[in-house]
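Colleague: Got a sequence here, can you model it:
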Amino acid sequence: MQGRTIAVLGPTNTGKTTYAIERMLGYKSGVIGLPLRLLAREVYDRIVEIRGPSVVALVTGEERIVPPRTQYWVCTVEAMPEGMGADFVAVDEIQLCADPERGHVFTDRLLRMRGTHETLFLGAATMRGPIAELIDDVEFIGRERMSQLAYSGSKKISRLQPRSAIVGFSVENVYAIAELLRRQKGGAAVVMGALSPRTRNAQVDLYQNGDVDYLVATDAIGMGLNLDVHHVAFSSLTKFDGRRMRPLAPNELAQIAGRAGRGMRDGTFGVTGEAPPLHDEVARAICDHRFTPLSKLQWRNARLEFGTVDRLIAALEAPSGDERLLKAREADDLRALKMLAQDDETFARASSPQAVKLLWSVCRIPDFRGISHAEHANLLMQIFAYLHEGAQVPDDFLARQIRRIDRVDGDIDTLSKRLAFIRTWTYVAQRENWVSDTGHWRGETRAVEDRLSDALHERLTQRFVDRRTSVLLRRLKQKEALLAEVNDKGEVTVEGEFVGRLEGFRFRSDKDASGQEAKTIQQAAMQALTPHFHLRADRFYNAPDTEIDFTEQGGLMWGSEAVGRLAPGSEPFKPEIKVFVDEEAGTDVAEKVKRRLTHFIDRKVAALFEPMIAMGRDETLSGLAKGFAFRLVENFGVLPRADVADDVKALDQDARGALRKHGVRFGQFTIFMPLLLKPAPTRLRLVLWSLSKGLDTFPEAPPPGLVTVPSVPDMEHGADTMAGYRTAGARAIRIDMLERLADLIRAQDTRAGFEASADMLSITGMTLEQFADLMGGLGYQAERGEREKVRAVVPDTQPDTQPAAEADAPKAAPVEDAAAADTAAPADMTEADAAPASEATETPEAAQTPETATEAATEAAGETGPEMEVFYTFRWGRPRGQRPQGERRQGQQRQGQGKGKPRGKGPQKGGKGKPRNDGPRTFSAKPKREKAIDPDNPFAALAALKDK
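Modeller: Residues are numbered from 1 along each chain as shown. All right, here's what the predicted structure looks like:
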């Protein structure tokens with residue numbers, strides 16, 4: 001049966017495809033053939049929206065969706081099913097019958113495909129003559145373009161209007177134009193026939209949604225793809241048709257130019273780049289849709305003979321016998337058949353009609369990879385061998401091929417090649433009975449193609465689209481309200497695009513932006529962030545103090561974000577607040593932030609310095625006590641005693657008691673309040689003190705818990721005191737621990753000299769050498785000596801009589817333990833009594849014969865001689881590197897007493913460490929160096945008492 005045949009002819013934008021869809025849906029069944037896989041997918045989606053997916057099939061070379069109750073088939077022209085007896089049949093772009101490559105397929109559909117009720121051929125008016133001559137009883141319907149098309153001449157790419165499509169005819173040309181548009185216009189979408197439908201649709205969505213204003217495409221857009229294009233610009237007027245470079249015919253240019261202007265909107269076309277301007281006759285023909293009618297169509301014999309390979313080749317090369325039907329040039333499938341026929345093994349396999357038919361089906365696999373004809377033929381030989389031997393492609397072979405391709409790394413070219421490779425196996429998986437599980441392998445190949453398509457779209461977008469700049473520029477031009485969002489990490493997005501970070505109340509643009517892009521981002525962000533600044537200020541004002549903190553350099557932080565800094569104020573405890581707020585945020589936001597930070601720092605000062613502030617406000621203090629309290633407050637609760645020695649002397653016991661009630665401790669080196677030496681007050685004290693001194697870089701507080709820390713060279717004078725330490729030599733000791741050390745030293749004889757006790761070393765946590773340097777920094781002279789380390793001999797017969805001190809000591813007693821033993825004697829012992837503890841505590845059993853003693857000494861010392869130990873003797877003396885604090889006053893000098901006591905002679909170098917026993921020793925000052933006793937000497941009072 002054959003129904004009416006209608007040819008609907010006219011230029012682009014006449015609604016021919018829409019008309020065909022409406023006619024098909026008026027029947028119970030129908031088939032429509034389209035020239036491109038991309039266009040087939042577009043039409044399929046449109047019909048699914050109307051009738052649902054359960055009755056619509058999509059069949060292309062690489063895709064097959066066929067529901068059980070299919071009524072309507074949407075196919076590429078090559079994949080149109082034959083012999084179905086559908087009510088309706090339509091073939092779009094029928095003018096492709098004259099195409100040198102695919103024309104024979106369209107001519108075959110023109111001559112042989114019919115619907116039982118209606119057949120439509122859609123295309124250009126140039127096909128009217130051939131259709132009328134080849135088809136009987138055909139009806140013609142002419143359709144006029146719904147909008148006007150005008151030629152606008154040549155323009156630079158940088159001057160092209162928005163919503164323009166620039167057409168290139170090579171991949172390199174398309175990429176170069178897209179790169180240029182990215183730099184100048186914010187980016188472009190890329191559409192090429194080689195893209196998968198998924199990638200193409202994703203790229204078109206970028207353009208259709210307005211994310212980019214420009215589209216760069218090949219001539220694939222000329223085949224019915226519906227896009228919102230206002231202007232089409234040709235970057236070239238020649239193309240490679242697979243065999244040679246040739247100029248485009250006027251009707252081919254018109255097919256592409258007709259994409260400009262959709263619906264009732266008028267469109268324009270022109271040239272750009274290196275393309276020369278169109279001749280007036282050509283431009284006028286395109287505008288008026290007047291072209292030379294076609295007279296010859298491409299044709300290939302459809303009556304094939306499968307008896308042998310040679311007979312099949314002969315049938316494919318048979319002439320038409322009709323001068324209107326030109327024999328098509330050798331297509332890829334025929335070329336592949338001839339190459340396979342030359343292979344002896346393949347030729348031998350194709351020995352039956354069924355084998356020849358199978359071979360022809362394999363040869364019709366498109367050369368998606370496009371590597372070379374020989375490479376493609378080798379692949380077809382392998383597939384044919386598998387199908388001929390086992391009737392199916394082995395699962396393990398197919399899995400290996402797919403696994404090699406299933407990778408989404410690489411650049412655009414790499415992903416495009418993988419997409420071309422997977423299309424081959426997608427085609428194989430679509431063929432009935434070529435694989436063991438058609439549904440499984442279709443799903444596998446489709447999933448790989450989707451992953452590769454998504455990755456390719458991502459790479460294309462990354463390379464050719466600066467979406468952020470494009471979106472922001474468009475919104476700014478349209479003067480629309482911009483939508484900004486700030487996440488919990490401070491990342492700012494405007495209209496969904498990342499533009500920078502909000503650090504506190506300051507916006508930081510994306511570092512990758514530069515030039516015009518950076519200006520656009522800054523302008524858009526500030527316009528969109530205005531309400532966020534106010535909301536953020538309200539949240540900050542109501543934030544608890546636990547969320548706010550200060551840094552050791554005077555910065556003010558809200559969490560991890562800097563919101564201000566401290567500056568010198570009118571009073572040390574009232575620093576000025578400098579806020580970090582962008583001018584665009586407004587004065588209201590800045591004032592609110594400043595008030596909140598002022599409240600925070602006031603409360604912090606009141607809490608951490610509460611004892612000192614209470615002392616300063618105590619009305620019961622009067623006279624010298626009140627003045628001393630003021631002096632202490634003025635110095636943040638810590639005062640070196642040497643700086644206020646006269647004031648301390650002037651305080652009576654009542655005044656001192658009143659100050660002690662507020663926690664003031666009068667140490668020998670420092671007057672301080674112990675509560676203010678804790679880490680938190682110390683940290684704030686350093687900041688406030690540094691502000692009052694106008695320092696550029698603030699000293700940092702030492703880590704909590706350390707008794708001594710290394711001295712900092714070139715430190716600001718007084719910084720160690722504010723940190724709660726006193727510098728002495730190479731290290732600084734904590735103030736409170738220094739006073740504990742002074743208490744231990746007070747019990748020693750500083751005239752005759754003393755050695756460090758274990759408690760002294762334990763308090764400071766130092767080695768003996770470090771302790772000697774510390775004592776030198778405090779004003780003591782340290783004399784180094786060596787002596788033989790004596791080991792007590794313990795008889796085996798009387799172990800219980802061993803001295804307890806030696807029983808508990810380790811075999812190799814440390815220096816500290818020896819020093820502690822040496823200093824255990826009372827201060828008023830004679831030099832003879834002050835012998836080392838190892839000698840003074842010798843037991844009677846240790847008195848041995850000379851021979852026994854010699855043997856014991858030999859065993860202890862070995863061949864290397866006796867073991868030696870280092871010790872230091874400390875005496876009060878002038879502090880190293882300091883001048884005397886003043887001349888001694890007359891009447892206060894006593895022989896052997898006061899500051900500046902003469903040094904006695906220490907142990908002889910190389911001796912056993914015992915002081916020389918030359919009889920009673922006296923000490924007297926040399927007349928020429930006579931000086932008054934320094935009243936600030938911490939041991940003057942002790943010396944006077946001992947003298948009495």
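Colleague: Please list all residues in contact with Glu63.
Modeller: Shown in contact with Glu63 (Cβ atoms under 8 Å, 6 or more residues apart in numbering): 37, 41, 197, 426, 430, 446. Every residue, glycine included, has its C-beta placed from N, CA and C.
Colleague: can you do 10 Å?
Modeller: 37, 40-41, 44, 76, 79, 196-197, 423, 426-427, 430, 442, 445-446, 449 (Cβ atoms under 10 Å, 6 or more residues apart in numbering).
Colleague: Just the ones of those in strands?
Modeller: Thr76 (DSSP state E).
Colleague: give me every residue that touches Ala606.
Modeller: So Ala606 contacts 573, 613 (Cβ under 10 Å, 6+ apart).
Colleague: again, only this time at 7 Å
Modeller: Ile613 (Cβ atoms under 7 Å, 6 or more residues apart in numbering).
Colleague: Looks to me like it is in a strand.
Modeller: No: under DSSP: H, G, I helix; E, B strand; the rest coil, Ala606 falls outside any strand and is assigned helix.
Colleague: What confidence value was assigned to it?
Modeller: Among the per-residue scores, Ala606 shows a pLDDT of 93.
Colleague: Distance check, it against Leu684.
Modeller: For Ala606, the distance to Leu684 equals 11 Å [Cβ to Cβ, to the nearest Å].
Colleague: what's around His534, how many residues?
Modeller: His534: 15 surrounding residues under other Cβ atoms under 10 Å.
Colleague: Check Pro197 too.
Modeller: Neighbours of Pro197 using other Cβ under 10 Å come to 22.
Colleague: you'd agree it is up against Arg41?
Modeller: Yes: using Cβ atoms under 7 Å, Pro197 is in contact with Arg41, at 4.2 Å.
Colleague: how about the lengthiest strand in the chain: buried residues?
Modeller: Criterion DSSP E: the longest strand present in the chain is strand 561-571. Neighbour-count burial for strand 561-571 flags 561-566, 568 (criterion: 16 or more other Cβ atoms under 10 Å).
Colleague: before we move on, what about stretch 663-677?
Modeller: 663-664, 667-674, 676-677.
Colleague: Strands along the stretch 451-600 of the chain, start to end?
Modeller: 484-486, 491-494, 497-503, 506-509, 548-550, 555-558, 561-571, 574-579 (DSSP state E, counting those that start in this stretch).
Colleague: Thr70: which of the ones you listed is closest?
Modeller: strand 497-503 (43.1 Å; Cβ to Cβ).
Colleague: quick one: the closest one to strand 561-571, angle?
Modeller: Here the directions of strand 497-503 and strand 561-571 differ by 30 degrees (axes from the mean of the first three to the mean of the last three Cα atoms, to 10 degrees).
Colleague: Each with direction, which strands does strand 497-503 pair with?
Modeller: strand 491-494 (antiparallel), strand 506-509 (antiparallel) (DSSP bridges).
Colleague: and those strands, which is most packed in?
Modeller: strand 491-494 (a mean of 19; mean count of other Cβ atoms under 10 Å).
Colleague: Give me the distance between that one and the centre of its chain.
Modeller: Between the centre of strand 491-494 and the centre of its chain there are 15 Å (Cα atoms, centre = their mean, to the nearest Å).
Colleague: and if you look at stretch 320-334?
Modeller: 60 Å.
Colleague: got the contact list for that stretch?
Modeller: Contacts of stretch 320-334 (Cβ under 7 Å, 6+ apart): 100, 103-104, 107, 130, 133-134, 295-300, 316, 319, 363-364, 366-367.
Colleague: Tally up the residues packed near the nearest residue to Phe291 once chain neighbours are set aside, please.
Modeller: Distances taken as Cβ to Cβ, 6 or more residues apart in numbering put Asn251 closest to Phe291, at 4.3 Å, once the chain neighbours are dropped. For Asn251, the neighbour count with other Cβ under 10 Å is 21.
Colleague: And Asn251, how far from Glu305?
Modeller: According to Cβ to Cβ, Asn251 and Glu305 sit 36 Å apart.
Colleague: Ok, His279 next?
Modeller: Taking Cβ to Cβ, one finds His279 at 49 Å from Glu305.
Colleague: Same drill for these two, tell me which one is more crowded.
Modeller: Glu305 (16 against 10).
Colleague: mind pulling up the phi and psi values for the more buried one?
Modeller: phi -120, psi 130 (degrees, to the nearest 10).
Colleague: now Glu432
Modeller: Torsion angles at Glu432 (phi, psi; degrees, to the nearest 10) stand at phi -60, psi 130.
Colleague: Report the spatially closest residue to it, excluding sequence-adjacent ones.
Modeller: Nearest residue to Glu432 in three dimensions, chain neighbours excluded: Thr438, at 6.9 Å (Cβ to Cβ, 6+ apart).
Colleague: And for that neighbour, the neighbour number?
Modeller: Thr438, neighbours per other Cβ under 10 Å, totals 15.
Colleague: Show me the shaky parts of the stretch 101-250 of the chain.
Modeller: Low-confidence segments of the stretch 101-250 of the chain, defined by pLDDT under 70: 224-225.
Colleague: now the helices: where do they sit in it?
Modeller: 103-112, 128-134, 171-185, 197-208, 250-257 (DSSP state H, counting those that start in this stretch).
Colleague: go on, the stretch 501-650 of the chain?
Modeller: 515-541, 587-608, 610-617, 623-634, 645-650.
Colleague: Also the stretch 351-500 of the chain?
Modeller: Using DSSP H, counting those that start in this stretch, the helices of the stretch 351-500 of the chain run over 353-363, 373-390, 395-405, 412-430, 438-464, 467-478.
Colleague: So for Arg64, which of the helices of the stretch 101-250 of the chain sits nearest?
Modeller: Here helix 197-208 is closest among the helices of the stretch 101-250 of the chain (Cβ to Cβ), at 13.3 Å.
Colleague: ok, residues contacting the closest one?
Modeller: With Cβ under 7 Å, 6+ apart as the contact definition, helix 197-208 has outside contacts at 37-38, 41, 189-191, 212, 215, 227-228, 450, 453, 456-457, 460-461, 465.
Colleague: Done for today, thanks.
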